[in-house]
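Novice: could you look at this predicted model? Sequence included:
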Amino acid sequence: MAGTDRSAGTGVAGQGPAIILVHPQMGENIGAAARAMLNCGLTELRLVAPRDGWPNERAVAMASGADQVIEQTALYETTADAVADLHRVYASTARPRGMIKMVATPRGAAVEMRDAIARGERCGILFGPERAGLDNDDVARADAVISVPLNPAYASLNLAQAVLLIAYEWFQAGDNTPDTDLHTGRTDVATKAELDNFFDRLMAELDAGGFLHPPEKRPTMVRNIRNLFLRASLTQQEVQTLHGIVSSLLRGGPLR
């Protein structure tokens, strides 16, 4: 039985897979899953015969503002109904249940789903009830299984955690955020000219103070000092601070 309008986030090209919770038991877990979804840019939530019915006030409270997901959640009587309009379905489970199934990591499945959605196909991911997970008939409806590589001695996840892990990999597969980024606030990273100006001044004062001695070791010492400062990725403000430090030391006499 279809529920509310599912025009947004329906798994068409450029959008994400549907998250399908099969027989979820607690409204709080549905809300937490909705929150995890929206964190990762997914908005289509489908519920198959939730134990406590739908709508659910506890789900709304736990969603913590993920109203876009909650308000357009669709309700179905059976898993078959919930996946009927999809082209590719994945089952989130820790084991393939003795079936011959392709098993993908969340990262691998995310790449496959992005490729499929780019071709105009609709995708969905099945998650089972909290206590027992998906039954064999539900897993049999899936094209592939998603298994999260975790500590083999303890791989227990709650429903929202499982949704978040897989949704996060979906989001990351299309995200271009650099692995590292220097936040410089209101100043810019120092240019090479600004750094050279500081290095030249510092080396001149170190020469005057007799630090760069003996002469045959001076080139190596200069390179080491330069590399020390370059590793710091100095900003313009930091270079000015270093100039101020040198000036302050000079007012008390030559560097020793």
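Specialist: Received, thanks. Residues are numbered from 1 along each chain as shown.
Novice: quick one, strands of the stretch 1-150 of the chain?
Specialist: Using DSSP state E, counting those that start in this stretch, the strands of the stretch 1-150 of the chain run over 18-22, 45-48, 74-76, 88-92, 102-104, 123-127, 144-146.
Novice: what residues does the last one touch?
Specialist: Counting contacts by C-beta atoms under 8 Å, 6 or more residues apart in numbering, the residues outside strand 144-146 that touch it are 90-93, 96, 101-106, 109, 112, 125, 139, 166. From N, CA and C alone the C-beta is placed, and that goes for glycine too.
Novice: change it to 6 Å
Specialist: 90, 91, 92, 93, 96, 101, 102, 103, 104, 106, 109 (C-beta atoms under 6 Å, 6 or more residues apart in numbering).
Novice: same thing with the fifth one?
Specialist: Contacts to strand 102-104, defined as C-beta under 6 Å, 6+ apart, come from residues 96, 144, 145, 146, 147.
Novice: which of the contacts of strand 144-146 ranks first by neighbour count?
Specialist: Neighbour tally across the contacts of strand 144-146 (other C-beta atoms under 10 Å): the maximum, 29 neighbours, falls on residue 91.
Novice: so that residue versus residue 144, what's the distance?
Specialist: 8 Å (C-beta to C-beta, to the nearest Å).
Novice: equivalent analysis for residue 217, please.
Specialist: 63 Å.
Novice: end-to-end on stretch 90-107?
Specialist: Using C-alpha to C-alpha, to the nearest Å, the end-to-end distance of stretch 90-107 comes to 13 Å.
Novice: pretty sure residue 66 is touching residue 35, no?
Specialist: Yes: using C-beta atoms under 6 Å, residue 66 is in contact with residue 35, at 4.7 Å.
Novice: all helices of the chain, in order?
Specialist: Counting by DSSP state H, one finds helices in the chain at the ranges 27-39, 57-63, 67-71, 79-83, 106-118, 136-140, 159-173, 192-208, 218-230, 236-251.
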